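# Below is the sequence, then the predicted model.
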Amino acid sequence: MWADAYSTLSSWQPPDDAQRLRRDEYLTFLDAHADGVWRECRVGHLTASALVMDEQKQRVLLTLHPKVGRWLQLGGHIEPGDTSLRAAALREAIEESGINEIRISAEPMCLDRHPVPCAGTQSEHLDVQYLALVPNTATAVMSAESDDLRWFTFDHLPSDLDTSVRRLIELSLS
């Protein structure tokens, strides 16, 4: 998994200089932490997420995260059975949306690094974010990992939506 993460990030062409710097931070982190893709790496670890949109890119599916109390894209920790960052993001999108028909981008859209309380300690998530498209008729089913799950049109996004999610939406629509 470490090798896939390093390869994915090394070959990724970021959309701007800020994301290029972030990618370089991730690579430096992985160089320093052979276990940096696993939640057991307590200083921080990579995570994988997917911004789920309908195939016409008219709506976005967001989850109300129970631990942070904010609307976010779907995603989470990399699991031992995951074969790649992309596969981890796809698995998380399926688990958290209940939608099986998902087309996920071949490359990440964006990277977001943020502090989190993880397993009782302060840690960092180095999130690798993908775009996931689903049929317009897809019906989402909330999982136990969410306090709420809703489709939002872009003109009716939650007012307190995190800036990182807004950035991910902007990149996905461009």
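Done, it's in.
# for the protein, what's the longest strand?
strand 121-134 (DSSP state E).
# Tell me which residues of it come out buried.
Going by neighbour count (16 or more other C-beta atoms under 10 Å), the buried part of strand 121-134 is Ser123, Glu124, His125, Leu126, Asp127, Val128, Gln129, Tyr130, Leu131, Ala132, Leu133, Val134. For glycine as for every other residue, the C-beta is placed from the backbone atoms N, C-alpha and C.
# Just the mean pLDDT for that strand, thanks.
For strand 121-134, the mean per-residue pLDDT is 93.
# now swap in stretch 29-49 and tell me
Rounded mean pLDDT across stretch 29-49 is 95.
# and the end-to-end length of that stretch?
Across its full length, stretch 29-49 reaches 19 Å between end residues, using C-alpha to C-alpha, to the nearest Å.
# Now the residue nearest in space to the middle of the chain: which helix or strand?
The residue lying closest to the centre of the chain (C-alpha atoms, centre = their mean) is Ser49, at 1.8 Å. Assigned by DSSP states H and E, Ser49 belongs to strand 45-54.
# Give me the helices and strands touching that strand, please.
Identification of packing neighbours for strand 45-54 by 3 or more C-beta pairs under 8 Å, 6 or more residues apart in numbering; DSSP states H and E yields strand 59-64, strand 74-77, helix 85-97, strand 121-134, helix 163-173.
# Mind listing the strands it pairs with, and their directions?
According to DSSP bridges, strand 45-54 forms sheet pairs with strand 59-64 (antiparallel), strand 74-77 (antiparallel), strand 121-134 (parallel).
# For Pro14, which of those is the nearest?
Nearest to Pro14 among the strands paired with strand 45-54 is strand 121-134 (11.8 Å), distances taken as C-beta to C-beta.
# Point out the other helices and strands that the worst-scoring helix or strand of the chain on mean pLDDT packs with.
Lowest on mean pLDDT, DSSP states H and E among the helices and strands of the chain sits strand 110-118, with a mean of 86. Packing partners of strand 110-118 (3+ C-beta pairs under 8 Å, 6+ apart): helix 17-32, strand 121-134, helix 163-173.
# between these, which gets nearest to Arg103?
strand 121-134 (4.8 Å).
# residues near Gly75, how many?
When counting by other C-beta atoms under 10 Å, one arrives at 26 neighbours for Gly75.
# same question, Gly98
Gly98: 14 neighbours (other C-beta under 10 Å).
# That concludes my questions; thank you for your assistance.
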